[in-house]
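>>> here is my input; please provide its structure:
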Amino acid sequence: MDLDALIKQAGAMQSKMADIQNTLAGREFNGSSGGGMVTAVCNGRLDLCAITIDRAVVNPDDVDMLQDLVLAATNDALKSARAAMEREMRSVTGGLSIPGLNI
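Just a heads-up that it's a prediction; the model follows:
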């Protein structure tokens with residue numbers, strides 16, 4: 001394979017990766033904790049979009065529990081988004097580890 005072909009192939013891969021990032025940016029990923037009492041939604045850019053808290057878990061005497069539930073739901077949503085990004089990127093890179101690609 002000559003250098004020109006390799007450069008074209010790298011450019012095509014970069015374009016596909018950008019397309020995947022744009023597509024995933026518009027998707028929403030859900031996470032939950034406490035049996036669904038707290039839910040979090042983030043997008044493919046890893047921006048937190050929404051948090052929903054069931055009134056049943058709001059206890060002024062146990063704020064720590066509510067904080068833990070929010071944190072767990074948020075991390076669950078972010079984990080889902082990262083996993084989707086990793087799956088999609090692997091389809092482009094063939095599982096090849098590329099330095100600087102944060103997935």
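
>>> strands along the chain, start to end?
28-33, 38-43, 48-53 (DSSP state E).

>>> identify, out of those strands, the most deeply packed stretch.
Mean neighbours per residue, mean count of other CB atoms under 10 Å, is largest over the strands of the chain for strand 38-43, with a mean of 22. To be clear about C-beta, it is placed using only N, CA and C from the backbone, and glycine gets the same treatment.

>>> partner strands of it, parallel or antiparallel?
strand 28-33 (antiparallel), strand 48-53 (antiparallel) (DSSP bridges).

>>> how far away from the center of its chain is the first one?
A distance of 10 Å separates the centroid of the chain from that of strand 28-33, by CA atoms, centre = their mean, to the nearest Å.

>>> hey, C-alpha coordinates of it in CSV?
Presented in CSV, the C-alpha positions along strand 28-33 are these (Å, rounded to 0.1, in the frame of the first residue of the first chain):
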residue,chain,number,x,y,z
GLU,A,28,-30.2,10.2,24.3
PHE,A,29,-28.9,7.6,26.8
ASN,A,30,-30.8,6.7,29.9
GLY,A,31,-29.5,5.6,33.3
SER,A,32,-31.4,4.8,36.5
SER,A,33,-30.9,3.9,40.1
